[in-house]
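S.K.: show me the folded form of this:
(chains A and B)
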Amino acid sequence: MSETILRAEELSAGYGRKVVVNGLTLEAQRGRILTLIGPNGAGKSTVLKTICRQLEPIGGKVFIDGRDISSLSGNELARSVSVLLTGRIKTEYMSCIDVVEMGRYPYTGRLGLLSAEDHELVKQAMELVGITELAERDFDRISDGQRQRVLLAGAICRRPDVLILDEPTTFLDVRAKLELMDLLKRLASRQNIAVILSLHELELAQRVSDTILCIKDSAADRIGTPEEIFSDGYIGELYGVSEGSFCEAYGSPELSRLTDAPEIFIIGGGGSGISLYRRLRRKGISFAAGIIHENDIEYPAAKALAAELVTEAPFEAVSAEKLAKASEIMRKCGRAVCTVKKFGTMNVGCRQLAEEAEALGILEKEENI
Amino acid sequence: MKTQRVRLIAGYIVLLLLLVILAAVNICAGSADISVSRLRSALAEPESDKVAYNIITQLRLPRTAAAAILGGALAVSGFLLQNFFANPIAGPYILGISSGAKLTVALLMVLSLSQGFAVSSLGMIGAAFVGAMMSMGIVLMISGRVKRMSVLIVCGVMIGYICSSVTELVVNFSDDSNIVNLHNWSMGSFSGIVKGEALTAAAVVFPACIAAFLLSKPMNAYQLGESYAVNSGVRIKAFRALLILLSSILSACVTAFAGPVSFVGVAVPHITKSVFGTAKPVRILPACFLGGAVFCLLCDLITRTLFAPTELSISTVTAVFGAPVVVYMLLHRERGRANV
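M.R.: Numbers count the residues shown, from 1 in each chain, chains lettered A, B, ... in the order given. Below is the predicted model:
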């Protein structure tokens, strides 16, 4: 069992007298990643700011290593907790190594001069984060991803117990996001740091977190492993989006379904139809789809987007009953597209459906839609 | 790292050399030219060359020392303000702080002339400090509401104009022969500073600069943003208050003795930072002081010698050098923003 390093008890946080989050209890363990998710304005940042004492708690207490943080000096707290905040920092004439060296702040003397040990820790942190070659570059003239890494190196060369990151992926592109997540994972386990972060990207939260804390309507709504959180349509509920438009398996959202009578029937399967579904949804054309196995990779997208959907149980060949149902819907639509290129024993029914459409003269090519 | 160190050492050597050379030239040059050999002999044996000795010790040395000390104070004051507002264009003159100090000093002077009481140097500094803090209070109030630096600077310039016109008004209404001096002072000048005043200035400026130097660690963290500093363990309220206090004391001291001196506070720190290639306070703050001293010595030399025996006001000369630097910085910043 990992050691709990930070604990918040019955924490109420907010600005002035305005309470944003109420009665929150959370625990962060060494070597693990705790992610806060929840709708905009739910109070994720407020919680993070409160547990690093940027905001005074309105009620409740925060303990680090068993000590109440309100009793710690600024320096003691800084040694224990490193924070990375959102928002761009504008610097002038500051090289990246200067920024990293600032991380040793709570350990340096009156004038902030670094000892040999400090220099060594700075070097190690820069190697770990992979920014050694940026050392002499101007901090103001590197990419956002690099900047985030430089700040991260600064945060970890402090050798904190807890690392807090408020939406660290905000300005990053996909690659930088993935690299950052990898890095956090590595940091947590190698340096035995408790990482607490807030994220908007659910797919990242799902992949990187050991524990997820969901904040909704100014309270902790649910806490658990990613598997527990991404199930039973909970995410849709958390963000107030309609059921089915959020894919729990992939952590990705779809636009909401169109409910008008379908105009086109799509014979899909095996993932071949996903891009067409999304294209039709973008164009605002309502469609039906079939016959999709419930364990097919395109099932979540089809389920979220199709106005009508004919499905078949996993690993079962398409039954005559389902074929008849699909055929009926297809005839009603009056237009059909077959995105499937290869048929096998499981989807013989789909081939028959495509042949039927051909015979009716309603089969169109995917490119022409 | 290496290049940075070489740059630092070279930079400091050059600044120190310039300081010594300019100080010597300032002492020697003037309406009564004193050669270096005469300077040396006069200082060694005062009795042998009484005239030179008196000119040097009574007039030129105090003035040179004052120009160096007050110039350094202005540059440091500007540097502190730039860190406080996280903007390289902030400075005591541009933000109207010097003008606020000028106003209160002028009021005190006029009052003392009309009532016939004498005001000590420290009294003048006190009055200047009150004025500086008043302007600073207004600037802080504005900066609490608008985050845009350009707005703040425009407001600062306006505060400057208001204070200057009130000062002019006060000066015009008081009819005294001494008003000529007052008028000279209100334009900014190092002339007429006596030994006692120079010593008082040193006694205020040096401790304030040392205190500012001791703030270089939190200042460095603050350069990465207020929240960053808080997370590093800086006691932010005390730190900010100290920055304001020290920069006000420094610029008030300058104004009390030399009147408002323009643009030194912006131009010198900027040039120093770009020449040294760093903004780390612990490395750059003493260089700012030296740079300010060198800059003011040079400008003061020009005011005295360019149209001798007529003297120019110091701000006339500093503006010629300083204002283009500020314009350049504004343009550079805008361009930098467009590129991002």
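S.K.: quick one: buried residues of stretch A:203-215?
M.R.: A:204-206, A:208-215 (16 or more other CB atoms under 10 Å in any protein chain shown). Where you see a C-beta, it was placed from the backbone N, CA and C, and this is true even at glycine.
S.K.: now swap in stretch B:158-167 and tell me
M.R.: So stretch B:158-167, judged by 16+ other CB under 10 Å, has buried residues B:159-160, B:162-164, B:167.
S.K.: in the stretch 251-369 of chain A, which residue sits closest to chain B?
M.R.: At 30.0 Å from chain B, A:Gly251 is the closest residue in the stretch 251-369 of chain A, using CB to the nearest CB.
S.K.: hang on, isn't that residue packed against A:Leu202?
M.R.: Yes: proximity of A:Gly251 to A:Leu202 meets the contact threshold set by CB atoms under 8 Å, at 4.6 Å.
S.K.: which residues are common contacts for the two?
M.R.: Residues touching both A:Gly251 and A:Leu202 (CB atoms under 8 Å, 6 or more residues apart in numbering or on different chains) are A:230, A:235.
S.K.: have a look at these two and say which one is more surrounded.
M.R.: Between A:Gly251 and A:Leu202, counted using other CB atoms under 10 Å in any protein chain shown, the more crowded position is A:Leu202 (24 against 18).
S.K.: low-confidence regions, the stretch 201-340 of chain B specifically.
M.R.: Applying pLDDT under 70 to the stretch 201-340 of chain B picks out residues B:333-340.
S.K.: output stretch B:8-21 as CSV, nothing but the C-alphas.
M.R.: This file holds the C-alpha atoms of stretch B:8-21, laid out as CSV (Å, rounded to 0.1, in the frame of the first residue of the first chain):
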residue,chain,number,x,y,z
LEU,B,8,29.5,39.6,-16.4
ILE,B,9,33.2,40.1,-15.5
ALA,B,10,33.9,42.1,-18.7
GLY,B,11,30.8,44.2,-18.2
TYR,B,12,31.7,45.1,-14.6
ILE,B,13,35.3,45.9,-15.5
VAL,B,14,34.2,48.2,-18.3
LEU,B,15,31.6,49.9,-16.0
LEU,B,16,34.1,50.5,-13.3
LEU,B,17,36.7,51.9,-15.7
LEU,B,18,34.1,54.2,-17.2
LEU,B,19,33.0,55.4,-13.8
VAL,B,20,36.6,56.3,-12.8
ILE,B,21,37.4,58.0,-16.1
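S.K.: closest point of the stretch 51-200 of chain B to chain A, which residue?
M.R.: B:Pro88 (6.1 Å).
S.K.: so where does that residue fall, helix or strand?
M.R.: Under DSSP states H and E, no helix or strand contains B:Pro88.
S.K.: could you find the closest non-adjacent residue to it?
M.R.: Counting by CB to CB, 6 or more residues apart in numbering or on different chains, B:Gln82 is the residue found nearest to B:Pro88 once chain neighbours are left out, at 5.4 Å.
S.K.: dump the residue contacts of that neighbour.
M.R.: Applying CB under 8 Å, 6+ apart, the residues near B:Gln82 are B:88-91, B:266, B:269.
S.K.: one more: A:Met94?
M.R.: By CB under 8 Å, 6+ apart, the neighbours of A:Met94 are A:138-140, B:223-224, B:278-280.
S.K.: could I get these as JSON lines with distance to A:Val348?
M.R.: Below are the contacts of A:Met94 laid out as JSON lines (distance: CB to CB, whole Å):
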{"residue": "A:Asp138", "distance to A:Val348": "65"}
{"residue": "A:Phe139", "distance to A:Val348": "63"}
{"residue": "A:Asp140", "distance to A:Val348": "63"}
{"residue": "B:Gln223", "distance to A:Val348": "70"}
{"residue": "B:Leu224", "distance to A:Val348": "65"}
{"residue": "B:Thr278", "distance to A:Val348": "74"}
{"residue": "B:Ala279", "distance to A:Val348": "73"}
{"residue": "B:Lys280", "distance to A:Val348": "74"}
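S.K.: quick check: ChimeraX command selecting the buried ones in the residues you listed.
M.R.: Selection of buried members from the contacts of A:Met94 for ChimeraX, criterion 16+ other CB under 10 Å:
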select /A:139,140 /B:223,224,278,279,280
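S.K.: what sits closest to A:Arg32 if chain neighbours are left out?
M.R.: Nearest to A:Arg32 is A:Asp210, by CB to CB, 6+ apart, at 4.2 Å.
S.K.: which of the helices or strands spans the closest residue to B:Leu108 other than its chain neighbours?
M.R.: Of all residues not flanking B:Leu108 in the chain, B:Ala127 sits nearest, at 4.3 Å (CB to CB, 6+ apart). Using DSSP H and E, B:Ala127 falls within helix B:121-145.
S.K.: the helix or strand that comes right after that helix: how far from the chain's middle?
M.R.: Note on helix B:121-145: by DSSP H and E, the next helix or strand toward the C-terminus is helix B:149-173. Centroid separation for helix B:149-173 versus its chain: 18 Å, with CA atoms, centre = their mean, to the nearest Å.
S.K.: quick one on the thing from earlier: which of the buried residues of stretch B:158-167 sit farthest apart?
M.R.: Distance extremes for those: the farthest pair is B:Ile159 and B:Thr167 at 12.3 Å, using CB to CB.
S.K.: overlap of the contact sets of those two?
M.R.: Contacts common to B:Ile159 and B:Thr167, judged by CB under 8 Å, 6+ apart, are B:Ser99.
S.K.: surely the residue of the stretch 51-200 of chain B closest to chain A touches A:Thr91?
M.R.: No: between B:Pro88 and A:Thr91 there is no contact under CB under 8 Å: 10.9 Å.
S.K.: neighbour count winner among these two?
M.R.: Taking other CB under 10 Å, B:Pro88 and A:Thr91 do not tie; B:Pro88 has more neighbours (24 against 20).
S.K.: could I get the phi/psi values of that one?
M.R.: Torsion angles at B:Pro88 (phi, psi; degrees, to the nearest 10) stand at phi -70, psi -10.
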